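Chemist: model this:
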Amino acid sequence: MVQHDNRHFYPVLQHAAIYQDYPVGEKSTFREHIHNLYHLVLYTYGHGSYLKNSQKHPVQQGSLVIISPGQPHDFVTCQSTTIYSEITFSYETKDGQVLEVPFNDLLALHTAVNISLFDHIILSEHNMGFLNDLFMNLTKTALDSTLTSPYHVHRILAQILDFIVQISGGKPNQTSLTELASYAKNYIDMHYTETISVDQLADKVNMSRSHFFRVFKKQLDITPQAYQQNLRLQAAKTLLRVTSLSSKQVASRVGYDNIYLFQRLFKKHIGMTPIQYRKSQHP
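Modeler: Numbering: from 1, shown residues only. You can find the predicted model right below:
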């Protein structure tokens, strides 16, 4: 959720496509067109081009193209040999008013920091793969019909915006320790309900276990295990607030097979048992 002109705007996922290699959609989109939506288009293979403001722009593997509301654009008729993944979304009020500010301004509303970002970025292979994983996770979650699916869609979209903010200040094709720690953090964000070892994370960023542990803790001021645990407990709090799932079901949903371990950790870090927490939220 972001606030603009004293109104609250909430994210709405309009469309998502993964590894798109042929034109798809309404015929009206098979030419340059305008609407009040945001596009994030990630080219994962090949070379080609796209149209924006009636000008053709080249793209390559790793190109991230950002389209703001009101910008004329066309992707499909210029596709050539490229394959891309795309998410299209809007921000809307409860009564249907649509936010139509440039993407940079949206990021500023999201972060409370003014950010200068080009609308065509070349990502390293490392970053391209990670962002595409976020796109895939968002698409999969959006197809889920569970009660908490909208919450998770909003959460993943926020992760995507956070990731773009993180890479906006870096140099293309250069992997820093900060970026590697962020990659590991975002991996935990996506897989926090699964069993993740420090060895697994270290292997994903090509570091030794001890070096990775030190880098992660220095950059994020928390250990990987504690960060994952915090995510699980925050997700558990949400499920306890908005669903009628039992404590055992909540524990399982957030990655704890042992209900007693879950209850012990919850009370230690939240200050009350899961049942007490639920009652405190619904007096």
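Chemist: Okay, and the nearest residue in space to residue 119 that is not next to it in sequence sits in which element?
Modeler: Ranked by CB to CB, 6 or more residues apart in numbering and with sequence neighbours excluded, the top spatial neighbour of residue 119 is residue 66, at 4.3 Å. From N, CA and C alone the C-beta is placed, and that goes for glycine too. For residue 66, the enclosing helix or strand under DSSP states H and E is strand 63-67.
Chemist: What segments of the chain are helices?
Modeler: Assignment of helices within the chain using DSSP state H yields the ranges 103-111, 125-142, 149-168, 177-191, 198-204, 209-220, 224-242, 247-253, 259-270, 274-281.
Chemist: Please work out which residues outside the first one touch it.
Modeler: What it means is helix 103-111. 2-4, 38, 66-68, 91, 99, 101, 114-117, 119, 158, 161, 164-165 (CB atoms under 8 Å, 6 or more residues apart in numbering).
Chemist: Export it to PDB, keeping only CA atoms.
Modeler: The C-alpha trace of helix 103-111 is given here as PDB (Å, rounded to 0.1, in the frame of the first residue of the first chain):
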ATOM      1  CA  PHE A 103       7.600   4.500 -11.800                       C
ATOM      2  CA  ASN A 104      10.300   6.500 -10.100                       C
ATOM      3  CA  ASP A 105       7.600   8.400  -8.100                       C
ATOM      4  CA  LEU A 106       6.000   5.000  -7.200                       C
ATOM      5  CA  LEU A 107       9.300   3.800  -5.800                       C
ATOM      6  CA  ALA A 108       9.600   7.100  -3.800                       C
ATOM      7  CA  LEU A 109       6.100   6.500  -2.400                       C
ATOM      8  CA  HIS A 110       7.100   2.900  -1.600                       C
ATOM      9  CA  THR A 111      10.400   3.700   0.100                       C
END
